[in-house]
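Student: here is my input, please return the structure:
(one chain, ligands or ions: 1)
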Amino acid sequence: MRPEHTTTTRAVAEEQSFLDRAADRHRQLLIRLDGELTHASSRDATERARHAVLRRRRAELAGGERGLVFGRLDGLDGTSRRIGRVGLPGVDDDEPLVVDWRAPAAHAFYTATPLDPQGLTRRRHIRTEGARVVAVDDEELAGAAGADGGDLVGEGALLAALDERRTGRMGTAVATLQREQDAIVRAGAEGPLVVQGGPGTGKTVVALHRVAYLLFTQPQLAERGVLVLGPSRRFLDYIGQVLPALGETAVVSATCETLLAGVRVERAESRELAEIKGRAVWQGALTAYVEQLVPEAGDLSLTFDGETYVLPEAQIGAALRAARSGGQPYHAARRHVVETVLGLLADAVADRSAQLLAQAEEGFEDVLGRLDAQLARADDRGARSGVTGSEVDGVMSDDDVDELRERLGEDRAVAAALAVWWPTLDAGRTLARFLHDEALLGELVRGLSDAERRAVAAEPGGWSAGDVALLDAVADLLGDVAEPDEQGEFLADTAAARRDWAYGHVVVDEAQELSAMQWHMVLRRCPTRSITAVGDIDQAEAPHRHTTWVEAVAVLGERCRRADLTICYRTPREVMALVEPVLRAAGSATAPPRAVRSSGREPWQVQAREDALVDVVAARAGELAERYAGGRVGVVAPASRALELRRALDGVPVLTALEAKGLEWDAALVVDPDGIAAQPRGWNGLYVALTRCTQELGQVVVR
Ligand SMILES: Nc1ncnc2c1ncn2[C@@H]1O[C@H](COP(=O)(O)OP(=O)(O)OP(=O)(O)O)[C@@H](O)[C@H]1O
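Tutor: Model prediction:
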């Protein structure tokens, strides 16, 4: 038996009156904040920090306008609290008018059950449209212990949200987050957390709400920002509204291809090459390669002012060892060794001039001595010139040596000789040289077959997607030529432009797709390893060979926490009934997620001859577009058919399974499912294709 659900006119009126009060308070607070922002000066650091906090609070408040009040908890003690997207202080500032959904006082809204009522008698979901309350759904908690409460929290509100027409943009789900989702949203931020969930289980929803939760509970994270990595630009656009709507702006979004600023992917590559370049072995190989580029210890000859100085191997070797012992990047090590070399050279120059002066002085004293003797002989006075070696001994003061070292640093000939001995390097050219050198590949990249080595070396110029992670690794191993600037406070553009930006937290969506080298890219941007990786190992289509999470996230180390999502909110039961055999064919051992809803529409299938395929697809897509007018329809097809279908279909997107990843429509039309399944990792792709719809699935099979 489920707890009672009620919607009464009285309850709606009561919540409407509360919502009106909350809306007034919200307006007042915005006006007050605007006033403070206009008067806030940005003269000193404290004021600037205050300004930043006010701006953030304003964005958060403005974002809270929709969903100002969406829940209510009634306690056994007769008190009640309202839950909303942002907290609203009461007028006298002691009791909050509305509790922020992320605050501990709101937690029971997502977790209380009749078996564990947490001191509550009732949970109410308040459904609103704009400023109007349209319905309330009540769940009795205490006193309903006989009821199991089911899996779902606020089922009425949840199902209403899920049944809404798709808009092409993902919405927030703060009002209807479910228990298993909430547990992940609120999990601690330390160390990597891997979330496995089948299609439509809310992985993206959870990951984004987790960002909002973490930024709320750990405001210091906002100083470093959060990076959200998604599979495609289209996907990032689809989810782009969620965090701003939750008031969060300290976020950068990117794909693995766009993560390295200034690098553009210019050409496609085969799956084979993408797989090869994603292997973890490259990290060690590139490290060893860059290591080889560091000069070996040996005598170093440098010319200054026409004099040649030979700095001995022992000194150069010691400097090299000291610089490399800290595992510094190539250019940082170079800067340190060059500093040492200039110091050694300055000492050598100073020694040489002291020697020369000493020689000159010796000669001079000789002359003086002889002169004195002659004079003494001449007038027998025995007089001495009084000039002694100590006054012209040529030893430079420390200041003189420092000045000399500076001059040496600016000397062109010295700089040119040092650049030949230890050149500064460009990451792109360095990587290209390595990739095209079969002998080096053979020496350093373990496990490459002869054919694989040849294939890598034979690649044309221009970067492919697989190269980006290698390029990032080389850029990191080389480091910046000049000392990098200190990292300031988070600004999205600055963080996105800097390869070495260390984010406070990173979210990776469709995490099953990342290669080992792409994981290294992620780790470099999050040294604390505070990472949330969400994905479905059964939807993996990328060319790497991982079939388990243990393999897929091996680079993150052994201390990954793992969580699972088991309920499918998107895809209706009728469609999920089809996917079990597809999942088995994909080699999966996991059970498909359990669908929470039925759409009442059986999936259908039509057949088409090859020569009539495009017309049949166009006709069927047209019908669906009409049936779901105001919503969204999408077509998924094998890559080989996508181009032709795109030309023929107007207004309905045609995507490959890979491109459709993470997206959803009211209705999906899957074209040539056998063709999709026949591609590499095709069963996984078909699993993705079949699970994109919230209402209706059609398939066009080629006869
Ligand atoms: N608690 C919730 N309340 C309302 N809607 C939800 C909830 N959880 C998920 N949804 C909706 O279900 C759909 C699927 O969610 P989402 O895209 O996050 O799933 P996913 O697990 O990332 O799917 P996929 O594996 O296909 O990428 C979305 O429309 C999302 O808004």
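Student: dump the C-alpha coordinates for stretch 683-695 into CSV.
Tutor: Extracted in CSV, the C-alpha atoms of stretch 683-695 (Å, rounded to 0.1, in the frame of the first residue of the first chain):
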residue,chain,number,x,y,z
TRP,A,683,25.3,-3.2,-29.7
ASN,A,684,26.3,-0.6,-27.2
GLY,A,685,25.4,2.0,-29.8
LEU,A,686,22.0,0.4,-30.4
TYR,A,687,21.4,0.4,-26.7
VAL,A,688,22.0,4.1,-26.7
ALA,A,689,19.8,4.7,-29.7
LEU,A,690,16.8,2.7,-28.4
THR,A,691,16.8,4.5,-25.0
ARG,A,692,16.5,8.2,-26.2
CYS,A,693,12.7,8.6,-26.1
THR,A,694,10.5,9.7,-23.2
GLN,A,695,7.2,8.6,-25.0
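Student: check the offset of it from the chain's centre.
Tutor: Relative to the centre of its chain, stretch 683-695 is centred 26 Å away, using CA atoms, centre = their mean, to the nearest Å.
Student: just the mean pLDDT for it, thanks.
Tutor: If you average the pLDDT over stretch 683-695, you get 96.
Student: and residue 237, what element?
Tutor: When secondary structure is defined using DSSP states H and E, the element that contains residue 237 is helix 233-239.
Student: do residue 176 as well
Tutor: For residue 176, there is no helix or strand it lies in under DSSP H and E.
Student: just checking, it touches residue 158?
Tutor: Yes: shown here, residue 176 and residue 158 form a contact pair, counting by CB atoms under 8 Å, at 4.4 Å. Quick note: C-beta positions are derived from backbone N, CA and C, even for glycine.
Student: the more surrounded of those two?
Tutor: Neighbours around residue 176 and residue 158, counted as other CB atoms under 10 Å, are more numerous at residue 176. The numbers are 26 against 21.
Student: quick one, what contacts the more buried one?
Tutor: 125, 153-154, 157-158, 161 (CB atoms under 8 Å, 6 or more residues apart in numbering).
Student: so how far is residue 490 from residue 44?
Tutor: Noted for residue 44: a distance of 19 Å to residue 490, by CB to CB, to the nearest Å.
Student: typed the wrong thing, it's residue 499
Tutor: Going from residue 499 to residue 490 by CB to CB gives 16 Å.
Student: could you do residue 538 as well?
Tutor: Taken as CB to CB, the span from residue 538 to residue 490 is 35 Å.
Student: please save the CA atoms from stretch 82-90 in PDB.
Tutor: Once side chains and other backbone atoms are set aside, the C-alpha atoms of stretch 82-90 remain, and they are given as PDB (Å, rounded to 0.1, in the frame of the first residue of the first chain):
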ATOM      1  CA  ARG A  82       9.100  25.200   3.100                       C
ATOM      2  CA  ILE A  83      11.800  24.100   0.700                       C
ATOM      3  CA  GLY A  84      12.900  26.000  -2.300                       C
ATOM      4  CA  ARG A  85      15.600  26.400  -4.800                       C
ATOM      5  CA  VAL A  86      17.400  29.100  -2.800                       C
ATOM      6  CA  GLY A  87      17.100  29.900   0.900                       C
ATOM      7  CA  LEU A  88      15.100  33.000   1.800                       C
ATOM      8  CA  PRO A  89      15.700  34.600   5.200                       C
ATOM      9  CA  GLY A  90      12.700  35.600   7.200                       C
END
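Student: next structured bit after the host helix or strand of residue 352?
Tutor: Per DSSP H and E: residue 352 is located in helix 330-379. Moving toward the C-terminus from helix 330-379, the next helix or strand (DSSP H and E) is helix 398-410.
Student: and that next one, what's its mean pLDDT?
Tutor: Average pLDDT, helix 398-410: 87.
Student: and it, what other elements does it pack with?
Tutor: Under the contact criterion of 3 or more CB pairs under 8 Å, 6 or more residues apart in numbering; DSSP states H and E, the helices and strands touching helix 398-410 comprise helix 330-379.
Student: so residue 576 sits against residue 568, correct?
Tutor: Yes: A contact is recorded between residue 576 and residue 568 when judged using CB under 8 Å, the distance being 6.1 Å.
Student: restricted to helices, list the contacts of residue 176.
Tutor: Among the contacts of residue 176, the members falling in helices (DSSP state H) are 157-158, 161.
Student: pick the one among those residues closest to the ligand.
Tutor: Taking CB to the nearest ligand atom as the measure, the ligand lies nearest residue 161 of the ones in helices among the contacts of residue 176, at 4.3 Å.
Student: the closest one against residue 174, yeah?
Tutor: No: taking CB under 8 Å as the definition, residue 161 is not a contact partner of residue 174, at 10.7 Å.
Student: quick one, which of those two is more surrounded?
Tutor: For residue 161 and residue 174, the more surrounded residue by other CB under 10 Å is residue 174, and the numbers stand at 27 against 17.
Student: is the more buried one in contact with residue 67, as I believe?
Tutor: Yes: in this structure residue 174 lies within contact range of residue 67 using CB under 8 Å: 6.2 Å.
Student: identify the contacts common to those two.
Tutor: Common neighbours of residue 174 and residue 67 are listed as residue 85 (criterion: CB under 8 Å, 6+ apart).
Student: where in the stretch 251-400 of the chain is pLDDT low?
Tutor: For the stretch 251-400 of the chain, applying pLDDT under 70 flags the ranges 363-395.
Student: check whether the one residue sitting closest to the centre of the chain sits in a helix, strand or coil.
Tutor: Per CA atoms, centre = their mean, the C-alpha nearest to the average position across the chain is that of residue 227, at 3.7 Å. Classification of residue 227 by DSSP: H, G, I helix; E, B strand; the rest coil places it in strand.
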